[in-house]
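Trainee: here's a sequence, model it:
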Amino acid sequence: MTALVVTSACSHGSKPEGPPKADYSTLTAAELSQRQFYSAFEAVQTLRPNWLSQRGSGDPVQVYVDDNHVGGVEVLKSIRISSVGQMRHIDGIQAPARYGAGHEGGVILVSTRAVRH
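Mentor: Below you'll find the model as predicted:
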């Protein structure tokens, strides 16, 4: 009976944890390449539509490309998906602390393939 308890305890520790949890604040090049998108806007609209939502403050979501502020979400329509290495979302709580006033709607950070962070 003791052997059964020991065997049972050992097998419990080797139980697989399952697939890794999705990171909903990031879109990787691998995720972007799984479907055909023309623009960064199409990819975000399809894969992370909540990134485009304005919450609370009414301030629009701001977009940065390679750490340069380029405007609101409409700019994403002019960014070809083939040039995107990764996109990250910073919510309206964290964005003002990092980028200041006017970023209460959140921020989408686009890193191009040439400048990966």
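Trainee: quick one: residue 73 and residue 98, what's the gap?
Mentor: Computed as C-beta to C-beta, to the nearest Å, the residue 73 to residue 98 distance reads 18 Å. To be clear about C-beta, it is placed using only N, CA and C from the backbone, and glycine gets the same treatment.
Trainee: more neighbours, the two?
Mentor: Between residue 73 and residue 98, counted using other C-beta atoms under 10 Å, residue 73 has the larger neighbour count: 20 against 9.
Trainee: run through the residues that contact the residue nearest to that one when sequence neighbours are not counted.
Mentor: The shortest distance from residue 73 to any non-neighbouring residue, by C-beta to C-beta, 6 or more residues apart in numbering, is to residue 61 (5.1 Å). Going by C-beta atoms under 8 Å, 6 or more residues apart in numbering, residue 61 touches 51-54, 72-73, 105-108.
Trainee: in strands only, show me those residues.
Mentor: Counting by DSSP state E, those place 72, 107-108 in strands.
Trainee: residue ranges with poor pLDDT in this structure?
Mentor: Along the chain, segments meeting pLDDT under 70 span 1-22, 55-57, 114-117.
Trainee: could I get the full set of helices for it?
Mentor: Along the chain, the segments classed as helices by DSSP state H run 2-13, 29-33, 40-47, 95-99.
Trainee: what does the second one contact?
Mentor: Outside helix 29-33, the residues that touch it by C-beta under 8 Å, 6+ apart are 43, 47, 81, 84-87, 113.
Trainee: if we use 6 Å, what do you get?
Mentor: Residues from elsewhere that reach helix 29-33 (C-beta atoms under 6 Å, 6 or more residues apart in numbering): 43, 81, 85.
Trainee: could I get that helix in CSV with only the CA atoms?
Mentor: This file holds the C-alpha atoms of helix 29-33, laid out as CSV (Å, rounded to 0.1, in the frame of the first residue of the first chain):
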residue,chain,number,x,y,z
ALA,A,29,4.8,38.1,-35.8
ALA,A,30,3.9,34.4,-35.5
GLU,A,31,0.3,35.2,-34.7
LEU,A,32,0.1,37.9,-37.4
SER,A,33,1.4,35.4,-40.0
